[in-house]
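# Need coordinates for the following:
(2 chains)
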Amino acid sequence: MNMKTLATIIVFSTLGIAFSAQAHEPKEHMKDAEKPDCTAMKNMDHSKMDMNDPVMQAMMQQCMKDMHQDNQASENANQEDGVQKEHTANDESIEHKH
Amino acid sequence: MAAFKFLTCGKCLLIAAAISIIGGLAFLYSGLYPIGADVPHNRLTYWLLETLRERSVARAASDIKVPSDLNAPERLLAGGADYNDMCAGCHLKPGKTESDFTLGLYPTPPNLTLAGDEHGHDHTGNTENDDEASKRQFWIVKHGIKASGMPAWGPGHDDERIWNMVAFLKRLPELSPDQYQILTARGQDSEGHGH
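Purely as a prediction, here's the structure:
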């Protein structure tokens, strides 16, 4: 076995060990990570939640973005509904004037 | 006369010890002991190994200091994600009662979704017992247990990350499948929950 082959084997085995050591870095798990399913959280009775419970606080942290986005979406939908109703009312009043 | 008796007795003991050692070695090399994971140990071997394990862990974990912020929600999120990736296959998650690992490993990995007394360790209740349980869990996660299938996570994970897992383990028996899914999902932010 010449020096070149030996060096190649050592380099590849070192790289193998180094990559396997990184396998448990949190970022490594992000590739196939699933998102929190916050629908259950939305359906919960918020008045019965204990906000001092760390589990509840952790769930709120996880679902904060999700719930915020939902609130914004519903607000936007409401606003669009309002604009549409306004348009319809305006159209009707224009038609009445004619 | 007494000295002669003592010598005879000493000789008897030596002979008995020699026979035991030779007999033990003969048994060891005969290959007669069933080592397959699908054949349980006999009661004596099981008791010996269990006592050895419990005493060793209790002694080694006695000096560990438990962090005061073990209940922090950030720890639950970080530890939950790691538990799901590294432990749930063997130690299960809410709504699951078995996996290929729980069926095949011997000794069977404890189902950590059950309270301590339900999986064989009476560590629920007062704070002192709770602390002892946390120390024990930290030590086992960090160092693993020989010939049990439990690896040592210490070489690849720092103490903080292991304490996060311990924090999650404390609350795991109370979690519903929905809560578990929310707490263990890494996908919300780009950095994950690792520190």
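# where does the residue positioned nearest the centre of chain B fall, phi/psi-wise?
For chain B, the residue nearest the mean C-alpha position is B:Ile140 (5.2 Å; CA atoms, centre = their mean). Main-chain torsions, B:Ile140, degrees, to the nearest 10: phi -70, psi -40.
# so how far is B:His91 from it?
11 Å (CB to CB, to the nearest Å). For the C-beta atoms, the positions are set from N, CA and C on the backbone; glycine is no exception.
# got the residues of chain B near chain A?
Applying CB under 8 Å from any CB of the partner chain, one finds that chain B approaches chain A through B:71-74, B:76-77, B:80-82, B:85-86, B:153, B:156-157, B:171, B:174-175, B:178-179, B:181-183, B:185-188, B:190-194.
# What is the three-state secondary structure of B:Ile15?
helix (DSSP: H, G, I helix; E, B strand; the rest coil).
# hang on, the residue nearest to the centre of chain B packs against B:Val57?
Yes: between B:Ile140 and B:Val57 there is a contact at 6.4 Å, judged by CB atoms under 8 Å.
# and residue 18, what pLDDT?
This is for chain A. pLDDT, A:Ala18: 52.
# not quite, I wanted chain B
97.
# Which helix or strand contains it?
Assessed by DSSP states H and E, B:Ala18 sits inside helix B:2-30.
# Can you name the element that comes right after that helix?
Criterion used, DSSP H and E; the element after helix B:2-30 is helix B:43-61.
# helices or strands up against whichever helix or strand comes after that next one?
Next in sequence after helix B:43-61, counting helices and strands by DSSP H and E, comes helix B:73-86. Contacts defined by 3 or more CB pairs under 8 Å, 6 or more residues apart in numbering or on different chains; DSSP states H and E place helix B:73-86 against helix A:54-97, helix B:159-171, helix B:177-184.
# is it true that A:Ala33 touches B:Ala185?
Yes: if you go by CB under 8 Å, A:Ala33 and B:Ala185 touch, sitting 6.9 Å apart.
# Now the common contact residues for the two.
By CB atoms under 8 Å, 6 or more residues apart in numbering or on different chains, A:Ala33 and B:Ala185 have these common neighbours: B:Ala81.
# These two: which is more packed in?
B:Ala185 (21 against 18; other CB atoms under 10 Å in any protein chain shown).
# What separation do you get for the residue lying closest to the more buried one once chain neighbours are set aside and A:Met60?
Once flanking residues are discounted, B:Ala185 sits nearest to A:Pro36: 4.0 Å by CB to CB, 6 or more residues apart in numbering or on different chains. Applying CB to CB, the value for A:Pro36 to A:Met60 is 11 Å.
# Skipping its backbone neighbours, what lies nearest B:Ala115 in space?
B:Pro173 (4.6 Å).
# follow-up on the earlier one: worst mean pLDDT among the helices and strands packed on helix B:73-86?
The minimum mean pLDDT among the helices and strands packed on helix B:73-86 belongs to helix A:54-97 (a mean of 67).
# give me every residue that touches the closest residue to B:Glu174 other than its chain neighbours.
Closest residue to B:Glu174 apart from its sequence neighbours, by CB to CB, 6+ apart: A:Val55 at 7.2 Å. A:Val55 makes contact with B:73, B:76, B:171, B:174-175, B:179, B:183 under the criterion CB under 8 Å, 6+ apart.
# hmm, 10 Å instead?
Shown in contact with A:Val55 (CB atoms under 10 Å, 6 or more residues apart in numbering or on different chains): B:71, B:73, B:76, B:80, B:168, B:171, B:174-175, B:179, B:182-183.
# joint contacts of B:Ile140 and B:His91?
With CB under 10 Å, 6+ apart, B:Ile140 and B:His91 have common neighbours B:Met150.
# ok, now how distant is the residue nearest to B:Ala185 from B:Ser99?
When A:Pro36 is compared with B:Ser99 (using CB to CB), they lie 23 Å apart.
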